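Novice: kindly generate the corresponding structure for this input.
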Amino acid sequence: MKTAVWLYLFMFVAFFDLHAQYPILSPFAISLGAAPSFIGLILGVYSLTHLPGNLIAGFGVDKYGSKGFIVFSLIVAGIVLLVQSQVTDPWQLLAVRSVSGFVLAFLSPACLSLLAKIAQNPVQQGKLMAGNGMVHTMASVLSPAAGAYLVAQFGFAQSFIYLGWGLILSGLLAWIGIKERQYRQTASTTHTDSRLRDEDAAGSGGIPWLFYGIPLAISCSQGILFFELPLMKETHGSILTSGVFFSLVSLGALVTLSMLFLSRISPLIRTSTGSLALALIFFGLSIHWPLPMYVSLFLIGMAKGVIFPAIASLLAAVTSADRYGRAFSILSISYSVGAFVGPIVAGQIRSHTSPYFIAFLILMLALTLIPFRSFVTPPERA
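Specialist: Okay, the predicted model is just below:
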């Protein structure tokens, strides 16, 4: 399990650095003279350049293993942040963010693939994926405030330098700490009892393509939420209030991620029921149900805490070990596409339709299309 601890550390540092930039990137771009429309492009290009990186990572991780991609991603992303500290105009920042999105696209598929190989049974696999979700959530709770504090104390340039060196040092530790060879040699078809009955399943480990509509819809709904939340009347135009609301989502996720007994429930059941609950919450928001906003956001976080590790566990359970990289890279692509599309949709329709209702429709459509019969849920073992 030492390898799992190392992986959690590297994922935490990477997500911490990423989320720490959320509250400071827009002000930094403004300080460089970027227009609001161009700032949106700067923020969105990260998800776009994630896509080719995810594709390369999928096949590369399966062929060469995870360690090299983890080390490469962390060190080069750190170097990119050092370069970002020296940019002087918005176009340079756009180029740097493009490279950053491409480089960090390798990290998540590589780490998830190695975590899946470490697990010896489906229950342990579920716990490891839940741990990954908890690390991600903790980073998202702590890092925005840390990023704002760094800028307040040291300025933009110095803050990017500190964050960059944090990634570089993590990459060097990854080179020393990750012992992958034993898992590459012993990774077996622990979950090969989980087969698909549908012969039209996708080529990436036998996963039906329609299944990836679920992570795409979830990411899209989150993009809608993150676009809409700062604009809602409940925030009263306060950045601090918006930050508290975002933290409530992360805290809700921490609650369900801490319930490790959930890993004993079929990941397919967790994915479908969690997605249904999330859809119903968005429907409630669209009709202005009586629950206070902070309660709704906390419930959204709880649903996310159920869904994200369940999706990863389900993919690992129905995919052979030599195809983990491809399966998780397509998962990352689905998340990236949803994160890019969600805010665009919200911006286009919010004047005449509640974006939350669109989030509800997208989630329900994805749920309707899940090919349940294609999955044979793996037997749970203690």
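Novice: C-alpha from now on. contacts and neighbour counts both.
Specialist: Noted.
Novice: where do the helices sit along the chain?
Specialist: Listed in chain order, the helices of the chain (DSSP state H) span residues 2-20, 22-31, 36-64, 67-84, 90-104, 107-118, 122-177, 181-186, 213-228, 239-257, 267-286, 293-317, 324-349, 355-368.
Novice: could I get the ones you listed as CSV with distance to Ile207, mean neighbour count and mean pLDDT?
Specialist: Formatted as CSV, these follow (distance: least, CA to CA, whole Å; neighbours: other CA atoms under 10 Å; pLDDT from 0 to 100):
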stretch, distance to Ile207, mean neighbour count, mean pLDDT
helix 2-20, 25, 21, 79
helix 22-31, 33, 17, 77
helix 36-64, 14, 19, 79
helix 67-84, 24, 23, 92
helix 90-104, 24, 21, 92
helix 107-118, 15, 25, 82
helix 122-177, 17, 20, 82
helix 181-186, 22, 12, 55
helix 213-228, 12, 24, 86
helix 239-257, 25, 21, 76
helix 267-286, 13, 21, 93
helix 293-317, 7, 24, 88
helix 324-349, 8, 22, 80
helix 355-368, 15, 22, 92
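Novice: which outside residues touch stretch 362-371?
Specialist: Residues from elsewhere that reach stretch 362-371, judged by CA atoms under 8 Å, 6 or more residues apart in numbering: 208, 210-211, 213-214, 217-218, 221, 272, 275-276, 278-279.
Novice: surely Tyr8 and Val135 touch.
Specialist: Yes: with contact defined as CA atoms under 8 Å, Tyr8 counts as touching Val135 (6.5 Å).
Novice: find the residue at the geometric middle of this structure.
Specialist: Centre of the chain computed as the mean C-alpha position; nearest residue by CA atoms, centre = their mean is Tyr335, 6.7 Å away.
Novice: now that one: how far from Gly213?
Specialist: Relative to Gly213, Tyr335 is positioned 10 Å away (CA to CA, to the nearest Å).
Novice: do Phe360 as well
Specialist: Counting by CA to CA - Phe360 and Gly213 are separated by 14 Å.
Novice: hang on, the earlier thing: show me what contacts the residue nearest to the centre of the chain?
Specialist: Pro215, Leu216, Ile218, Ser219, Cys220.
Novice: contacts only, for the last one.
Specialist: For Cys220, the contact set (CA under 8 Å, 6+ apart) comprises Tyr335, Val337, Gly338, Ala339, Phe340, Val341, Gly342, Pro343, Ala359.
Novice: turn these into a markdown table, including distance to Asp322.
Specialist: As requested, the contacts of Cys220 are arranged in a markdown table below (distance: CA to CA, whole Å):
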| residue | distance to Asp322 |
| --- | --- |
| Tyr335 | 22 |
| Val337 | 25 |
| Gly338 | 27 |
| Ala339 | 28 |
| Phe340 | 30 |
| Val341 | 31 |
| Gly342 | 32 |
| Pro343 | 35 |
| Ala359 | 35 |
